[in-house]
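**Student:** Here is a sequence together with a model predicted from it:
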Amino acid sequence: MFILVNLKAYDCNPVAVAAAAADVAEETGARIAVAPQAARISAVAATGVETWAQHVSPVEHGSHTGSTHAAAVERTGAVGTLLNHSENRQKLADIDASLNGAESEGLETVVCANNPDQIAAATALDPDAVAVEPPELIGGDESVATADPDIVTDAVEAAGSVDEGVDVFCGAGIATGEDVAAARDLGADGVLLASGVALADDPEAVLRDLVSPL
Ligand SMILES: O=C(CO)COP(=O)(O)O
């Protein structure tokens, strides 16, 4: 199971979370990555943790002020990127262009989607993984794996019907090892989570609990 921690724009210390994640990953052998805001990628990568971007723009090099080019995030230390997060939705053509840009820089890719139909469409674009995150459960107290287990199994089936080689993650409300185990039991290859770690008083303790069933 891949544990991908999206720090969004939370007012947390990304370097402290990253250092804790690096320690827990090294001690346990679990795969944990941290996705800070673009401006903090290099500081997070310096901790040694696997570092991801939250987004890359669907642009070529050129006159695109305010963009985040895939090459820039790769050169500052990211090895992968989220795309089409529920809080940063893209048009289909833009997801495709962002994916192409990310892949040409050697970044691993996870395309997020709201529901199994969108998961099937995202899978057809051939990312490394897709992630189902029901928007109404994001930031809540109950994990998608217990609040809406069918959406996870349906997403696994939808992706598999398009391409068995694309991994399926789930996210929303995941905060404990029990939630990670439940997601795994529903067929997920990884989890995407945010508030459970970013807003925790002790992110390291949460990370240790998250990987405890693995
Ligand atoms: O959006 C998410 C991860 O990308 C999920 O957020 P929460 O873990 O805060 O529900």
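**Tutor:** Received it, and whenever you're ready, just let me know what you need. Numbering: from 1, shown residues only.
**Student:** Report the distance from stretch 65-81 to the chain centre.
**Tutor:** Put simply, stretch 65-81 sits 15 Å off its chain's centre (CA atoms, centre = their mean, to the nearest Å).
**Student:** Ok, stretch 35-45 next?
**Tutor:** With CA atoms, centre = their mean, you get 14 Å for stretch 35-45.
**Student:** how about that stretch: buried residues?
**Tutor:** Residues 35-38, 40-41, 44-45 are the ones in stretch 35-45 that count as buried (16 or more other CB atoms under 10 Å). To be clear about C-beta, it is placed using only N, CA and C from the backbone, and glycine gets the same treatment.
**Student:** again with stretch 16-26
**Tutor:** In stretch 16-26, residues buried by neighbour count (16+ other CB under 10 Å) are 17-25.
**Student:** The ligand: which of these is nearest?
**Tutor:** For the buried residues of stretch 16-26, the residue nearest the ligand by CB to the nearest ligand atom is Val17; the value is 13.2 Å.
**Student:** what's the nearest residue to Thr81 once chain neighbours are set aside in contact with, if anything?
**Tutor:** Leaving aside its chain neighbours, Thr81 sits nearest to Ala53 (4.0 Å; criterion: CB to CB, 6 or more residues apart in numbering). Residues near Ala53 by CB atoms under 8 Å, 6 or more residues apart in numbering: 35, 38, 41, 68, 73, 78, 80-82, 107.
**Student:** With distance to the ligand, secondary structure and pLDDT as added columns, please give these in CSV.
**Tutor:** Converted to CSV, the contacts of Ala53 look like this (distance: CB to the nearest ligand atom, whole Å; DSSP: H, G, I helix; E, B strand; the rest coil; pLDDT from 0 to 100):
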residue, distance to the ligand, secondary structure, pLDDT
Ala35, 8, strand, 98
Ala38, 15, helix, 97
Ile41, 16, helix, 98
Thr68, 17, coil, 97
Val73, 17, helix, 98
Ala78, 16, coil, 98
Gly80, 13, strand, 98
Thr81, 12, strand, 98
Leu82, 7, strand, 98
Leu107, 17, coil, 98
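**Student:** which among the residues you listed end up buried?
**Tutor:** So, by 16+ other CB under 10 Å, the buried ones in these are 35, 38, 41, 68, 73, 78, 80-82, 107.
**Student:** List the residue ranges of the chain that fall below the pLDDT cut-off.
**Tutor:** Applying pLDDT under 70 to the chain flags no residue at all.
**Student:** What segments of it are helices?
**Tutor:** 14-28, 41-45, 70-75, 92-104, 116-124, 144-147, 149-162, 177-185, 195-198, 203-211 (DSSP state H).
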